[in-house]
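*Asks:* Sequence and predicted model, in that order:
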Amino acid sequence: MELKKLAESWVVVILALIIFWPVGLILLYLKLRNNSKNKFSFSGITKISIGVCSVFFGLIGTATEIDEPTGEVGLTIVMVSIFLAIGAVLIYFGTKNIKEGKIYEKIGNLINFQEVESIEEIAKKLKITEEKAKEYISKAISLGICNNEIEYKNNKIIYKKKAQEQAEKKKHERTVKCECCGGINHINDTEVKACEYCGMELMINN
């Protein structure tokens, strides 16, 4: 096994956190960075991990003071409280980051692959309000998770490529009356020009 892979294995990371936590945190950072799907999940997992370590040290401090009193109860309480508070805050924001990461991942899938246009539909799939969906989609675009313009007025997403294709197709749309049977045909002048009613060739005046 390569040295780098060994250093980033979960066994080594956990042992490092127990034996010498500063090195353990660095190894944990490298491990999570390489395995992270997006920066939100990575940031969240990192914060939670550091938060758990902080809470752990706070509890260790409490247990140590109970087992071997130092006489400085006030200082111990302050230090323990700081560790516990920092840990709780990091865990809270870390959890929030992970939830956001999952939302952005779903948005990227809905927009980039499924090409869902309705913001209402996206909001339902994400189980959030439409206003929240717009905020997340707007940020997803700014972060480069998806590259599409949003038309808020019509409450839908406009896909540039699709819009260009539709505009190009519209240029070639024609309504032609068949000279043979009088049928009205809606055609594209780049396609075969035959009457859909009688099959006769349609005469298109440019």
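*Replies:* Yep, it's here. Residues are numbered from 1 along each chain as shown.

*Asks:* Now the longest helix along the chain: buried residues?
*Replies:* Ordering each helix of the chain by length in residues (DSSP state H) puts helix 73-108 first. Buried residues in helix 73-108, counted by 16 or more other C-beta atoms under 10 Å: 76, 79-80, 83-84, 86-87, 90-91, 94, 97-98, 100-105, 107-108. C-beta coordinates here come from the backbone N, C-alpha and C atoms, glycine included.

*Asks:* helices or strands next to it in the packing?
*Replies:* helix 39-67, helix 119-126, helix 130-142 (3 or more C-beta pairs under 8 Å, 6 or more residues apart in numbering; DSSP states H and E).

*Asks:* Which helix or which strand is home to the residue of the chain positioned farthest from its centre?
*Replies:* Outermost residue of the chain with respect to the C-alpha centroid, by C-alpha atoms, centre = their mean, is Cys180; its distance is 57.6 Å. Using DSSP states H and E, no element contains Cys180; it sits outside every helix and strand.

*Asks:* In this structure it contacts Met200, no?
*Replies:* Yes: Cys180 is within contact range of Met200, at 4.2 Å (criterion: C-beta atoms under 8 Å).

*Asks:* Spit out the contact partners of the residue farthest from the centre of the chain.
*Replies:* Contacts for Cys180 (C-beta atoms under 8 Å, 6 or more residues apart in numbering) come out as Cys195, Cys198, Met200.

*Asks:* Which of the residues you listed has the largest number of neighbours?
*Replies:* Cys195 (20 neighbours; other C-beta atoms under 10 Å).
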